[in-house]
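Trainee: My questions concern the predicted model and sequence given below.
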Amino acid sequence: MGHIHVSNPIDPGADEPSLYDDELRRKTRWSIVWTLVRIASDQVFSFVVFVILARLLSPSEVGTFAIAVVFSEVGRVIAIQGMVQNIPRAKKLSPGLADTVFWTNLGMSFAVALVVLVGAPFIMDLIGQPGAAAPLQALGFVLPIAALGATHLALRLREFGHKSLALRSVLGNTFGGAAAVAAALAGWGIWSLVVQRFVSETVNAAMSWQAYRWTPGRSFSMAQLRTIWSFGFNLALTQIIGILPRHAMNLVLGTIINAAAVGINRTAWRTMELVAQGTISPFTTVALQTLSRLQTDTAEMVKAYRWMLSRSAMITIPALVGLGVLAPDAVPAIYGAKWHEAGQIAQIFAFLAVPWPVSAFAGPLLMALGRASTLRTLAFGQLIAVIVFAGLSAPFGLVAVAWTTVARAYLSLPFLMLFLKRAAGITPSDTLSPIAAPLAASLVMAAAVWPLMEAIRPHFAPLVAVLICVAAGMTIYGAMLYAISPNARLLVRHRLKMLKIAWATR
């Protein structure tokens, strides 16, 4: 049996708080680099697979699977996600904690899988989507596979092992995507998406064990479970409420409109996610580990929060603004003409460029502080708002639903900043000032790219026109940001200095 490696343990009784020192900065930066490598490879491969599947599958099939995934993801949080977060935030790690988390996750995953197996037909009939019952039953048994590697991954990430996570993700997505494409080409339809989940999770679990050489032991403890249960349960409940706003939209659209509407909305949202998550996830993935080390020092936590938000906003905001300009041309050109409406919806979703990065960091920050109740309050408010806004707008069509989604995000932004101020001392200025320059530069870019697209659209193939505009937009944005942002100039000079040093020491 292996043993738990304790890296830089923190004595709960120590007088000196954890500081955002050079060592933690170094670990954070390298973790962001490796997470960026992972996200970039994930996004490229996921994009290719998504394009192929979107061309092979119908909006109705994509929508039916999205409905099944709602219940599958809730089951995943119940079985795995809440409890495993006790590992990164533990001040001192013990074999008993790791064993208790592992065996609890595994047992709960089998229990949830059995509940899904029995309850799926009834649930899907109740919401008028009987075609999603069988895929949901199959997805339930993905949970035990995922549970096998969840604790190992958490242990590795606790040591900032994001390089291992990058390799795990690349291989899992590669094999899973390849299996899905092969199944879709063979005519398996919606089941090709189920195959993708099984293959990806199997590879992920195997790679997690390889990345952290630890064998679960017999140190499971009911006393330990009682100690961590409250946080794990509250966090799981918070995460369920947190993911339900996005998934509740699918249930509302499927019930009021149809599965095809779910597929179109899901494809538009997924397109935005491919753009936004690829630029912000490298930072938010590392944020929990970094901010957890700083939970006893408010000033240093605010400093780290501003640093990560500013760097991510430099990439995320222009990416979303650019999507807003180009989506109506890019989406049908890439996915096929049947997804034309998804391009219009994606253009509307791009207006989330401001609230998206802010809300993305709120979760890791509050989680690092152990503010599960605050997260739950925010998430529950979002859930109620989604149901109300989507329910009222769905009878008027998908465009109305998309605009109410954007409106809801902006209406909730002041409340989010209020919670951040109360929980962590982060002022609205701490949140808004890091994104001001990227937003201004992005708006200038959009004002230039929009007429350019109008001018060249009649003369080029759609994808060629999109690529020309992307290149022009990147150039304009980079020049504007360098001109108006001292942080951007400092970052560029630092990178150039590092390149000169690397070249001189060759």
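Mentor: Right, received. Where do you want to start? Residues are numbered from 1 along each chain as shown.
Trainee: contacts and neighbour counts: CA atoms only from here.
Mentor: Fine.
Trainee: quick one: contacts for residue 404?
Mentor: Applying CA atoms under 8 Å, 6 or more residues apart in numbering to residue 404 gives the contacts 389, 390, 393.
Trainee: Let's see which of the residues you listed end up in helices.
Mentor: 389, 390, 393 (DSSP state H).
Trainee: most neighbours, which of the contacts of residue 404?
Mentor: Using other CA atoms under 10 Å as the neighbour criterion, residue 390 leads the contacts of residue 404 with 28 neighbours.
Trainee: Quick one: residues contacting that residue.
Mentor: 249, 252, 253, 401, 404, 405.
Trainee: which residues of the stretch 401-506 of the chain score low on pLDDT?
Mentor: By pLDDT under 70, the low-scoring segments of the stretch 401-506 of the chain are 502, 504-506.
Trainee: Also the stretch 51-200 of the chain?
Mentor: 81, 88-91, 159-168.
Trainee: host element of residue 60?
Mentor: helix 59-76 (DSSP states H and E).
Trainee: buried ones in the one helix or strand residue 345 maps to?
Mentor: Take DSSP H and E as the rule and residue 345 turns out to sit in helix 340-349. Using 16 or more other CA atoms under 10 Å as the test for burial, helix 340-349 gives 340, 341, 342, 343, 344, 345, 346, 347, 348, 349.
Trainee: Repeat that for stretch 480-489.
Mentor: Per 16+ other CA under 10 Å, stretch 480-489 contains these buried residues: 480, 481, 482, 485, 487, 488.
Trainee: Nearest to residue 65 among the residues you listed?
Mentor: residue 481 (41.0 Å; CA to CA).
Trainee: now the closest one, nearest residue through space, not along the chain?
Mentor: What sits nearest to residue 481 in space, not counting adjacent residues and going by CA to CA, 6 or more residues apart in numbering, is residue 441, at 5.4 Å.
Trainee: now the strands for the protein?
Mentor: For the chain, strands defined by DSSP state E do not occur.
Trainee: For it, give the helix that spans the most residues.
Mentor: Under DSSP H, the chain gives helix 298-335 as its longest helix.
Trainee: Surely residue 320 is in contact with residue 350?
Mentor: Yes - applying CA atoms under 8 Å, one finds residue 320 in contact with residue 350, separated by 5.2 Å.
Trainee: what do the two both touch?
Mentor: In contact with both residue 320 and residue 350: residue 272, using CA under 8 Å, 6+ apart.
Trainee: quick revisit: what's near enough to touch the residue nearest to residue 481?
Mentor: 318, 477, 480, 481, 484.
Trainee: Just give the number of residues close to residue 234.
Mentor: Neighbours of residue 234 (other CA under 10 Å): 19.
Trainee: Now do it against residue 77, distance only.
Mentor: Going from residue 234 to residue 77 by CA to CA, to the nearest Å gives 11 Å.
Trainee: Over to residue 153?
Mentor: Residue 153 is 16 Å from residue 77, by CA to CA.
Trainee: Could you do residue 324 as well?
Mentor: With CA to CA as the criterion, residue 324 and residue 77 are 32 Å apart.
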